[in-house]
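Q: coordinates only, sequence not included:
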């Protein structure tokens, strides 16, 4: 025990002195080995942090940043980020651009703010306004450029257009998208923005209070945009149109992903019970009652045996295999859903019974080929109940499930009797 602890002590002394310790080998004692594992992580993180500190002290900001799990380095990474920001500010000042003052305290921040103020107020002379008040040109320029800077840093496009279509103001994002044009019309904008421009400029803009908001799809790029349009009257009574256009493609994608997550069963990849029941209810209610549909209810055979004998991972494999076989055997308009556990519900839209029976046969063929491949020490099997729903039938979704459940268990019982007779022979 003393020998084990002496190794740990030596490692700690090396860490205190800032020396690399190397990996401490386990000693075979569970409690001590857990401490050794933590010390190895601490040693690695400390060594990585010290290397990062050395690079920062030399001004090497391109050095590799410690990993996310190196929590010791969090303050250093924050310092690294601030130093990069300081350099960017200094570069902007050198280029004669206006930058925001820093809003955090500290000697370095105060020095940079002083430098920013000096560059701003160094713009020069005093001028007179229309009201006869002297305004320092530097301060006037500072306030204007702060607004201009903010607008140009926005990802959304902002444009002010007069009633003749002449662009009074366009921020950087708008110029990048539409081009640096004089008039806001299809003939002057960038080629990729022509169709989009034609659509947005064809909108009638009303004088009523409140913004007009539209979601628009740009076919050339495949992106979605939200366009907010206002008519504004300036102090000189001139009317201008204000366009604020925001790329909402990522929001659309996120909504789509959330919708899929809300309707997809994670394990099988099929639709979930909610989506399956929604599809079933849609064909039993008036909105789809004018066509013939079919519904199948599937249940995996011997899932408990597979789970108990080979483990739940293999049981999950069997469920996923069934879902894949079902999905590959139906049309794109059909809905395959995991109803719960080892049960699946399939809705065949606008499909007669003969076609649904063929689809079930295709499922059985795919499962048979899987079993014959011998990839698993067990067979994947299922029993199915099938039903046709015609326009003249008055039946609820619950009634359909009850009927199919009975049909499926009759098929399962029939298979069990057949297997028993075969065994007895």
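A: All right, it came through fine. A quick note: this is a predicted structure, and the numbers were derived from the prediction, not measured.
Q: Going by C-alpha atoms from here, please, whenever you check contacts or count neighbours.
A: Fine.
Q: Can you list the neighbours in contact with stretch 70-83?
A: 45, 46, 49, 52, 53, 56, 61, 65, 66 (Cα atoms under 8 Å, 6 or more residues apart in numbering).
Q: Which stretches in the stretch 151-300 of the chain count as helices?
A: 172-178, 194-201, 249-263, 273-284 (DSSP state H, counting those that start in this stretch).
Q: between the ones you listed, which gets nearest to residue 9?
A: Across the helices of the stretch 151-300 of the chain, residue 9 has its closest neighbour in helix 249-263 (51.3 Å, Cα to Cα).
Q: ok, the most centrally placed residue in the chain to residue 268 distance?
A: Note on the chain: the residue nearest the mean C-alpha position is residue 254, at 5.0 Å, using Cα atoms, centre = their mean. According to Cα to Cα, to the nearest Å, residue 254 and residue 268 sit 22 Å apart.
Q: pLDDT weak spots in the protein?
A: Counting by pLDDT under 70, the chain contains low-confidence residues at 1-4, 93, 95-105, 117-145, 207-210, 235-236, 286-288, 419-425.
Q: Quickly list what residue 228 is bridged to.
A: Beta bridges link residue 228 to residue 213, residue 244, judged by DSSP bridges.
Q: In this structure it contacts residue 205, no?
A: No - taking contacts as Cα atoms under 8 Å, residue 228 lies outside contact range of residue 205: 10.7 Å.
Q: Mutual contacts of those two, please.
A: Common contacts of residue 228 and residue 205 (Cα under 8 Å, 6+ apart): residue 212.
Q: With neighbour numbers in mind, choose between these two.
A: Shown here are residue 228 and residue 205; by other Cα atoms under 10 Å, residue 228 has more neighbours (17 against 13).
Q: For the nearest residue to residue 382 once chain neighbours are set aside, list the residues it contacts.
A: Residue nearest to residue 382 in three dimensions, not counting chain neighbours: residue 300, with 4.1 Å by Cα to Cα, 6 or more residues apart in numbering. Residues counted as contacts of residue 300 (Cα under 8 Å, 6+ apart) are 319, 322, 342, 343, 380, 381, 382, 383.
Q: And the nearest residue to the fifth one once chain neighbours are set aside, how far from residue 312?
A: If you skip the residues right next to it in sequence, residue 380 has residue 318 as its closest partner in space, 6.0 Å away by Cα to Cα, 6+ apart. Relative to residue 312, residue 318 is positioned 10 Å away (Cα to Cα).
Q: and residue 262, how many residues sit next to it?
A: For residue 262, using other Cα under 10 Å, the count is 14.
Q: What of residue 312?
A: Neighbours around residue 312, by other Cα under 10 Å: 14.
Q: Could you do residue 373 as well?
A: If you count neighbours by other Cα under 10 Å, residue 373 ends up with 9.
Q: any idea how far it is from residue 382?
A: Applying Cα to Cα, the value for residue 373 to residue 382 is 17 Å.
Q: Show me the helices in the stretch 1-150 of the chain, by range?
A: Along the stretch 1-150 of the chain, counting by DSSP H, counting those that start in this stretch, helices occupy 2-16, 30-57, 74-94, 107-121, 137-153.
Q: among those helices, which is nearest residue 181?
A: Ranking the helices of the stretch 1-150 of the chain by distance to residue 181, with Cα to Cα as the measure, places helix 137-153 first at 16.7 Å.
Q: in what helix or strand does residue 359 lie?
A: Assigned by DSSP states H and E, residue 359 falls within helix 353-372.
Q: do residue 321 as well
A: Assigned by DSSP H and E, residue 321 falls in helix 312-327.
Q: how far is that helix from where the chain is centred?
A: Chain-centre distance of helix 312-327: 27 Å, with Cα atoms, centre = their mean, to the nearest Å.
Q: Following the chain onward from it, which element is next?
A: Following helix 312-327 in sequence order, the next helix or strand is strand 335-340 (DSSP H and E).
Q: Quick one: work out the angle between that following strand and helix 273-284.
A: Counting by axes from the mean of the first three to the mean of the last three Cα atoms, to 10 degrees, strand 335-340 lies at 130 degrees to helix 273-284.
Q: who does strand 335-340 touch, helix- and strand-wise?
A: helix 273-284, helix 312-327, strand 343-348 (3 or more Cα pairs under 8 Å, 6 or more residues apart in numbering; DSSP states H and E).
Q: Which one, of those, ends up nearest to residue 23?
A: Of all the helices and strands packed on strand 335-340, helix 312-327 comes closest under Cα to Cα, at 35.5 Å.
Q: Let me know the angle separating that closest one from helix 353-372.
A: Using the same axes, to 10 degrees: helix 312-327 against helix 353-372 is 140 degrees.
Q: Residues in contact with helix 312-327: which ones?
A: By Cα under 8 Å, 6+ apart, the list of residues contacting helix 312-327 reads 267-270, 300, 303, 306-307, 336, 338, 342, 360, 363, 366-367, 380.
Q: of all the residues you listed, which two lie farthest apart?
A: It's 307 and 360 that sit farthest apart of those, by Cα to Cα, at 25.1 Å.
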